[in-house]
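**Q** give me a 3D structure for the following:
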Amino acid sequence: MGKNQHVVPAGDKWGIKGEGNSRLTSTFDRQSDAIAAARQISKNQHSELFIHGRNGQIRERDSHGKDPLPTNSTAKTRYASTYTRA
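**A** Numbering: from 1, shown residues only. Down below sits the predicted model:
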């Protein structure tokens with residue numbers, strides 16, 4: 001599993017920063033462009049994607065690694081009795 005990727009504010013632009021890195025991987029004018037590029041990196045590295053808002057707080061998270069909760073319909077059916085609804 002690769003490094004988690006963070007989309008972060010970078011002045012008046014948006015940057016992608018690998019977890020633990022001191023420098024940005026790249027910068028973009030629009031957050032949506034940074035998210036698209038970071039999502040591709042995250043998918044390739046089977047890692048997590050963290051999207052930060054202008055205030056620096058994480059506003060969204062996306063997993064492209066080994067997710068402990070299956071998402072396909074077969075797995076949902078197989079594990080349905082394991083989960084309880086609130």
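**Q** so how many other residues sit close to the residue nearest to residue 2 when sequence neighbours are not counted?
**A** Closest residue to residue 2 apart from its sequence neighbours, by CB to CB, 6 or more residues apart in numbering: residue 45 at 2.6 Å. From N, CA and C alone the C-beta is placed, and that goes for glycine too. Residue 45 has 17 neighbouring residues, counting by other CB atoms under 10 Å.
**Q** can you measure across stretch 38-58, start residue to end residue?
**A** 15 Å (CA to CA, to the nearest Å).
**Q** show me how far it is from its chain's centre.
**A** Remark: stretch 38-58 is offset 3 Å from the chain centroid, using CA atoms, centre = their mean, to the nearest Å.
**Q** need the contact partners of that stretch.
**A** Residues outside stretch 38-58 that contact it (CB atoms under 8 Å, 6 or more residues apart in numbering): 1-9, 16, 25, 31, 35, 59-66.
**Q** what about 7 Å?
**A** For stretch 38-58, the surrounding residues in contact (CB atoms under 7 Å, 6 or more residues apart in numbering) are 1-9, 16, 35, 59-65.
**Q** out of the residues you listed, which sit inside helices?
**A** residue 35 (DSSP state H).
**Q** from the contacts of stretch 38-58, which would you call buried?
**A** Among the contacts of stretch 38-58, those scoring as buried are 2, 3, 4, 5, 6, 7, 8, 16, 35, 64 (criterion: 16 or more other CB atoms under 10 Å).
**Q** what about the helices in this structure?
**A** 31-45, 73-78.
**Q** for stretch 12-32, how far is the first residue from the last?
**A** Using CA to CA, the end-to-end distance of stretch 12-32 comes to 14 Å.
**Q** kindly report the same for stretch 41-56.
**A** One end of stretch 41-56 sits 21 Å from the other (CA to CA).
**Q** mind listing what the residue nearest to residue 24 when sequence neighbours are not counted touches?
**A** In space, residue 24 comes closest to residue 15 once its chain neighbours are excluded; the distance is 3.8 Å by CB to CB, 6+ apart. By CB under 7 Å, 6+ apart, the residues touching residue 15 are 8, 24, 26, 27, 34.
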